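A.B. asks: just to be clear, the model below is a prediction. Sequence and coordinates:
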Amino acid sequence: MPRPKTKEELLYLSNENFKKLYVFIENLGYEEQVKEFPEGTMNRNIRDVLAHLHHWHLLMLNWYEVGMSGAKPEIPAKGYTWKTTPELNKWIWNEYQNKSLDEVKALLADSFKEVQHLIVKHTDEELFEKKRYKWTGTTSLGACLISASSSHYDWAIKLIKKNKKIKPAI
C-alpha cells in the first residue's frame, strides 16, 4: 500500500503493519525471539527493536502533547537533533537493556494503542494538511504519525528478517 493520505489509510496501514510485526515475531518461537542478531547492528535482538519502536511512540506522543499545548517540542528529543539521531537511538537502546522481551512487548502494545487513539481523534484535514500546526513545521501531523507507526513497523520487520536471515515469501 502506498504512503497513507487519509485517516482511514493511516489507521489501516499502521494497524496492519503492527499486526504483521507481532504475528511475524510470535511465529518465530520464543528461543528464536530472544536469540541475538549477528554482530554489526546496534539493536542486538528483537527486544531492542521493539523497545526502539516503543520509545519513538513516546517521543511522538510527547511532541504532540507539547506542540498542541502551544509550546515548541524538542524534536527529536531534548539535547538531540536529527543529525544526532544515532546517539539518541543508542541512548534509547541503553534505557531498555534491563527490560525483558515480554516487558517490552507490553510497553509497545500500550504505546501503540495511544498512538492509534491520537490518530482516531483527528480529521483527514487535521492529519494531512501541511503546516497546519506550528510545531510540525513544514510537514503534517499525519506524516509524523506515519514515521512513528506504519513505516517504522515496516522498518522493524525488514530489520528482523535481515538479521534472522529469513527470506521474505514471494
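C.D. replies: Arrived safely, thanks for sending. Numbers count the residues shown, from 1 in each chain.

A.B. asks: wait, what's in contact with the nearest residue in space to residue 101 that is not next to it in sequence?
C.D. replies: Leaving aside its chain neighbours, residue 101 sits nearest to residue 47 (4.3 Å; criterion: CB to CB, 6 or more residues apart in numbering). For the C-beta atoms, the positions are set from N, CA and C on the backbone; glycine is no exception. Contacts for residue 47 (CB atoms under 8 Å, 6 or more residues apart in numbering) come out as 34, 96, 99-101, 104.

A.B. asks: what's the next secondary structure element after whatever helix or strand residue 47 lives in?
C.D. replies: Following DSSP states H and E, one finds residue 47 within helix 46-68. Scanning forward in sequence from helix 46-68 by DSSP H and E, the next helix or strand is helix 85-95.

A.B. asks: in that next one, what counts as buried?
C.D. replies: 88-89, 92-93 (16 or more other CB atoms under 10 Å).

A.B. asks: quickly note the distance from residue 65 to residue 75.
C.D. replies: In this view, residue 65 and residue 75 are 13 Å apart by CB to CB, to the nearest Å.

A.B. asks: neighbour-wise, which of the two wins?
C.D. replies: residue 75 (19 against 12; other CB atoms under 10 Å).

A.B. asks: for the more buried one, which non-adjacent residue is spatially closest?
C.D. replies: Using CB to CB, 6+ apart, the nearest residue to residue 75 is residue 63, at 5.6 Å.
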